[in-house]
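> 3D model of this:
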Amino acid sequence: MPKAISYTPEWLSKPNPGFEIFTSASLGAAASSGGSNTIRKRGAKPGPRRTIARRGTEVFIAVGREIRWTDLVYLKEAWENKPRRTRGSDSHRDRDERESQYDEDHAQGYRTIKTPVAEDIRQIIISPHANYMAILTTHTIHVAVLPESSHLTASDTGPMKLKTYTVGPVTHVTSQSAISSALWHPLGVNGSCLVTVTEDAVVRLWELSIADRWSFDQPKLAIDLKKLADGVSLDQDFGPSKSGMSKGFSPDSFEMEVASACFASRGSGLWSPMTLWIAMREGDVYALCPLLPEKWSPPATLVPSLSVSIVSKIAALEDDPGVSSQAKLLAQQQLAWMSDLDNQEPMHVEGLMGEPVAEVYSRPAQPGKVPRLQGPLDFELAPEETEYELDGLLSDIHVIGPKIDSEELMFGEENEFELEDVDQEGLSVGIVCLLASSGRLTVCLDLDGIEAQWLPKRKSRTFQLEEVEPPSLLTFQCLDTCRIGEVTKDNWPMFSSDVNSRYSFYVTDISNVTFVSLSPWVFRLETELNEGNAGTDFRIDMLVKGQNSIRERVYNHKSTDDSEPLAASTLIRDPDLGYFLLTATPHGPLALTFEHPEDFEIDPRQRSRSPTYDSEPEKPLILCEPRPVYQPAHALEEHSALPSLLEKLRHSKYKRLLKEDIRLSPATLTIMTDAHKVLSEETHRLGTAAAELFRRCERLQIELQSQIRKAHETAARVEAVTGDDVDDAFVAIDEEVSRRIQDAKTRQRELTARIEKIKRKAVKGSSRELTEKEKAWVEEVNILEEKVNRVDEEDNGLGGGTRKPWKRYEVVMDTGDDFLEQAKDQSAEEEIPPSQGVKVPSEIRKAKVAQIMALLDRESALVEGAKSRLERLSLSS
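Residues are numbered from 1 along each chain as shown. Have a look, this model is predicted:
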């Protein structure tokens with residue numbers, strides 16, 4: 001999601017030349033001579049306003065009937081190289097002093113290009129190779145040959161004329177239908193194929209060549225979609241009706257009014273680059289595939305991928321007995337088309353400077369050059385229709401083609417293809433985005449995929465008038481980019497592609513610029529579709545129901561005048577400009593600079609530094625969010641229309657009344673009424689502008705107070721960290737930090753003690769009953785305590801029962817003492833000499849002594865065993 005870090009820079013603001021490039025010097029004079037609002041004609045039909053086109057950092061801006069050219073990087077550097085004293089506003093400076101950025105010996109960074117158009121330019125579109133520029137008004141189209149930048153950057157500041165050709169001098173004229181879209185075909189040779197779509201649903205394909213002026217007069221292929229929708233065979237004539245022929249009423253003339261058309265990108269997979277998508281004003285969507293010029297140049301991967309797809313499809317149909325005859329006919333037609341293409345030997349055409357050699361094929365003659373019109377497409381899970389009329393009126397369409405599966409394409413191939421200019425990441429199905437006049441954005445998935453289809457030939461054996469089921473689009477998500485109060489009947493939202501990802505774009509309506517990104521769910525959906533593990537349905541359902549797309553309004557142009565619509569946004573990514581968005585109103589440019597996306601940021605530690613590397617200055621701390629610089633309303637600078645009214649009266653039949661006294665008469669009433677109309681409208685616009693200026697001044701005071709308050713808060717926080725907020729005696733920073741660390745440790749100990757106290761209270765407060773095992777364990781502990789600890793009480797009448805261990809220990813000790821005394825007495829008796837009358841044999845004495853010693857050893861063992869057991873019992877307790 002882009003974050004704006006600055007708005008319209010100073011070098012694109014008043015009174016610098018960068019601002020004047022986007023404005024017309026005749027606006028003030030036109031306002032004074034033609035009334036109050038001449039920028040947009042009264043009753044003009046709403047339509048797209050794409051008045052800014054770019055070639056690198058060069059931009060072309062359509063201002064009225066002129067085109068202004070400038071190099072933004074050159075313009076920025078010129079402003080930065082000017083002395084500071086010459087910048088800014090100076091009311092006493094002459095206009096001629098600020099016509100150039102540099103001195104007279106430097107080249108200029110802007111030019112004025114004169115065009116042969118008779119009306120205001122509505123759209124300018126640069127060709128893919130940036131060598132042509134299509135210039136569109138409401139009914140006419142011209143193609144200008146763009147020179148190199150070195151020819152535009154010259155010291156001469158005067159207007160210049162480019163070599164311009166009129167496309168369709170008898171076709172695209174004011175007496176015919178207006179032009180809805182003009183597209184450069186992505187598969188044209190060197191970007192020279194132009195496709196025009198008019199409001200009456202006529203598609204014309206022009207293969208332009210400077211060497212052949214006839215190529216600008218007649219299209220190579222012209223198809224009337226209303227006739228093609230009712231067609232039954234390729235033998236019919238689907239060309240548009242000739243000029244001058246009477247046209248009867250048809251419901252298709254209302255329901256098939258074209259709002260916009262588009263191709264997918266050149267690097268898309270399968271049939272997408274040659275599929276023309278047409279969005280009708282009333283809400284229907286059609287597809288025309290394949291729409292190819294006679295000579296076309298595909299990418300290196302397009303033809304092999306189509307060949308693999310067609311062959312695998314035919315193999316699958318042969319194994320399926322339930323396939324309809326219409327599907328078999330379509331497969332045979334695609335096979336015939338591919339066979340014709342495989343039999344060709346491509347021509348190698350030198351590209352433009354810096355471009356590789358292009359392989360050029362001829363359009364296959366079989367089955368035919370006019371494809372079947374597929375549609376109107378069915379919308380599955382379409383949102384409910386609302387009572388708001390503008391929700392159903394489409395204004396623009398944007399198609400993101402499926403990616404090319406490079407692994408499947410390269411499987412088993414020895415030669416590797418160049419995959420630099422193809423889309424290898426993203427979703428394997430196409431995405432169709434539709435915009436309504438109310439600002440509603442509908443995102444649809446092309447799950448089935450639009451494939452090439454042709455009508456059958458009448459002479460063919462397989463000719464059948466079967467009803468073909470139109471393809472369908474799955475409605476994935478609906479988003480609103482405008483609020484209800486911001487929508488007007490002249491609102492015409494437009495898509496603008498982003499330079500960072502093909503799954504993000506900008507929506508520009510009459511007063512807002514909104515960023516939309518589909519990346520958050522695209523890659524997740526692709527993972528679920530490819531893996532198909534357990535729970536895939538649930539995860540996809542959660543993915544659909546969640547708000548996954550990023551939608552954020554990046555700019556809101558607050559203007560009470562509907563005659564100041566925003567032009568379609570143009571995105572630029574350049575090291576000097578940054579991530580830059582440029583749009584404009586008829587009264588000046590509007591620009592935004594965003595932060596660089598994280599995907600493209602380079603870690604400074606990984607970059608190799610040169611010996612003369614100078615570290616970049618640290619960026620200042622942003623205390624407040626950036627906001628657009630206020631530009632006073634244009635009504636404060638417009639000249640009054642009253643002098644021109646008086647001048648008209650001096651040359652009218654009422655000129656005599658200007659010199660006479662005022663009298664009540666119908667003529668005087670007419671003059672007063674005309675003057676009142678002019679003055680009332682001017683005073684209303686001046687009053688509105690003055691009120692807005694007053695509100696801005698009040699808002700400026702409030703914002704200034706807020707910024708001062710935030711600055712004080714930040715300063716206080718910094719002083720609190722460094723210790724500068726203490727007014728007492730001087731304290732070293734180390735001591736202050738040590739004190740703060742000690743305070744933190746003290747607080748930590750207090751918190752720990754409080755937690756332990758709470759735990760003990762929680763344990764005491766628990767009234768849970770003991771389980772049976774816990775009760776048995778408590779009883780066992782009590783018994784063990786009685787056995788180990790000596791108690792002075794009697795055995796409570798246990799009698800001959802089991803005595804306690806300590807009782808048994810005392811008994812054993814007493815018995816041992818008795819045996820020792822007996823042994824001593826026996827030894828004493830042996831020392832007394834026996835009487836002469838009684839003689840005891842020595843063998844008996846030795847046996848008795850041995851018996852006594854055995855008894856003593858036994859008693860000692862018993863004593864030692866009792867002692868060790870008591871020690872074990874005491875340790876276990």
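> who does the strand or helix carrying residue 445 pair up with?
Assessed by DSSP states H and E, residue 445 sits inside strand 440-446. Strand 440-446 has these partner strands in its sheet, going by DSSP bridges: strand 430-436 (antiparallel), strand 472-480 (antiparallel).
> tell me the contacts of residue 448?
Neighbour list for residue 448: 471, 472 [criterion: CB atoms under 8 Å, 6 or more residues apart in numbering]. Just so you know, the C-beta spots here come from the backbone N, C-alpha and C atoms, and that holds for glycine as well.
> what's the pLDDT at it?
The score at residue 448 is 86. That number is its pLDDT.
> now do the SS call for residue 816.
With DSSP: H, G, I helix; E, B strand; the rest coil as the basis, residue 816 sits in helix.
> now it: how far from residue 444?
In this view, residue 816 and residue 444 are 102 Å apart by CB to CB, to the nearest Å.
> with residue 346 instead?
Counting by CB to CB - residue 346 and residue 444 are separated by 35 Å.
> and these two? which has more neighbours close in?
residue 444 (24 against 14; other CB atoms under 10 Å).
> mind listing what the residue lying closest to the more buried one once chain neighbours are set aside touches?
Counting by CB to CB, 6 or more residues apart in numbering, the nearest residue to residue 444 once its immediate chain neighbours are dropped is residue 473, at 3.9 Å. By CB under 8 Å, 6+ apart, the contact set of residue 473 is 285, 377, 378, 379, 380, 432, 444, 445, 446.
> kindly recompute the last result at 10 Å.
285, 287, 377-382, 430-432, 434, 442-448, 450 (CB atoms under 10 Å, 6 or more residues apart in numbering).
> try residue 198
139, 168, 171-172, 176-182, 204, 224, 240, 257-258.
> what's the most distant pair in those?
168 and 257 (19.8 Å; CB to CB).
> picking up where we left off before, ok, so of the contacts of residue 198, who is nearest residue 687?
Checking the contacts of residue 198 one by one against residue 687 (CB to CB), the nearest turns out to be residue 178, at 37.0 Å.
> state the pLDDT value of the closest one.
91.
> distance of it from residue 193?
For residue 178, the distance to residue 193 - CB to CB - is 22 Å.
> report the contact partners of the residue nearest to the spatial centre of the chain.
Taking CA atoms, centre = their mean, the centroid of the chain lies closest to residue 517, which sits 2.5 Å from it. Taking CB under 10 Å, 6+ apart, we find residue 517 in contact with 1-2, 498, 500-501, 503-505, 548-552.
> mind listing the residues bridging to it?
Beta-bridge partners of residue 517, counted by DSSP bridges, are residue 504, residue 550.
> report pLDDT for the nearest residue to residue 445 once chain neighbours are set aside.
Distances taken as CB to CB, 6+ apart place residue 474 nearest to residue 445, at 4.5 Å, with adjacent residues excluded. In this model, residue 474 is scored at 90, pLDDT.
> again with residue 139
Residue 139 is given a pLDDT of 92.
> list the contacts of it.
118-119, 122, 172-179, 198-199.
> out of those, which end up buried?
For those, a burial check counting by 16 or more other CB atoms under 10 Å picks out 122, 172, 176, 177, 178, 179, 198, 199.
> how about residue 529, what does it touch?
By CB under 10 Å, 6+ apart, the neighbours of residue 529 are 427, 428, 429, 447, 536, 540.
> and it, backbone torsions?
Torsion angles at residue 529 (phi, psi; degrees, to the nearest 10) stand at phi -70, psi -30.
> state which helix of the protein is the longest.
The longest helix of the chain (DSSP state H) is helix 666-722.
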